[in-house]
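Visitor: Need coordinates for the following:
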Amino acid sequence: MTRCLGTIIKEGKSHICHHTLYYCISCGSVGCDQYSFSQCSNQGFLYCKCLVCGVNGQSKIYYYDD
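Guide: Reported below is the predicted structural model:
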């Protein structure tokens, strides 16, 4: 399982996201899943809905091999 390295800015402070990365089965987009819009600079999903193609429930955990 791969962790998100996107940036979250909250109350003027930034930190690394570290949420699980997912990929969209429909379009191949990769990003983390958040509960509200624009939480993370690498956000790809909003409650399992892909922010690129709009398909809902077609995400799988992204694994990265070196």
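
Visitor: Which positions in stretch 15-28 come out as buried?
Guide: By neighbour count on 16 or more other CB atoms under 10 Å, the buried set for stretch 15-28 is Cys17, His19, Leu21, Tyr22, Tyr23, Cys24. Yep, even glycine has a C-beta here, placed from its N, CA and C like the rest.

Visitor: would you turn these into a markdown table with secondary structure, distance to Leu51 and pLDDT?
Guide: Shown next, in a markdown table, are the buried residues of stretch 15-28 (DSSP: H, G, I helix; E, B strand; the rest coil; distance: CB to CB, whole Å; pLDDT from 0 to 100):
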| residue | secondary structure | distance to Leu51 | pLDDT |
| --- | --- | --- | --- |
| Cys17 | coil | 15 | 95 |
| His19 | coil | 14 | 95 |
| Leu21 | strand | 14 | 96 |
| Tyr22 | strand | 11 | 96 |
| Tyr23 | strand | 13 | 95 |
| Cys24 | strand | 9 | 96 |
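
Visitor: Kindly reformat these as CSV containing distance to Val30.
Guide: Shown next, in CSV, are the buried residues of stretch 15-28 (distance: CB to CB, whole Å):
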residue, distance to Val30
Cys17, 13
His19, 12
Leu21, 6
Tyr22, 7
Tyr23, 5
Cys24, 8
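
Visitor: Out of those, which is nearest to Gln34?
Guide: His19 (7.3 Å; CB to CB).

Visitor: What residues does that closest one make contact with?
Guide: Going by CB atoms under 8 Å, 6 or more residues apart in numbering, His19 touches Arg3, Cys4, Cys32, Asp33, Gln34, Cys40.

Visitor: Quick check: phi and psi on it?
Guide: Here is the backbone geometry of His19 (degrees, to the nearest 10): phi -70, psi 160.

Visitor: how close does it sit to Met1?
Guide: 11 Å (CB to CB, to the nearest Å).

Visitor: on that earlier part again, looking at the buried residues of stretch 15-28, spot the one nearest Glu11.
Guide: Cys17 (15.5 Å).
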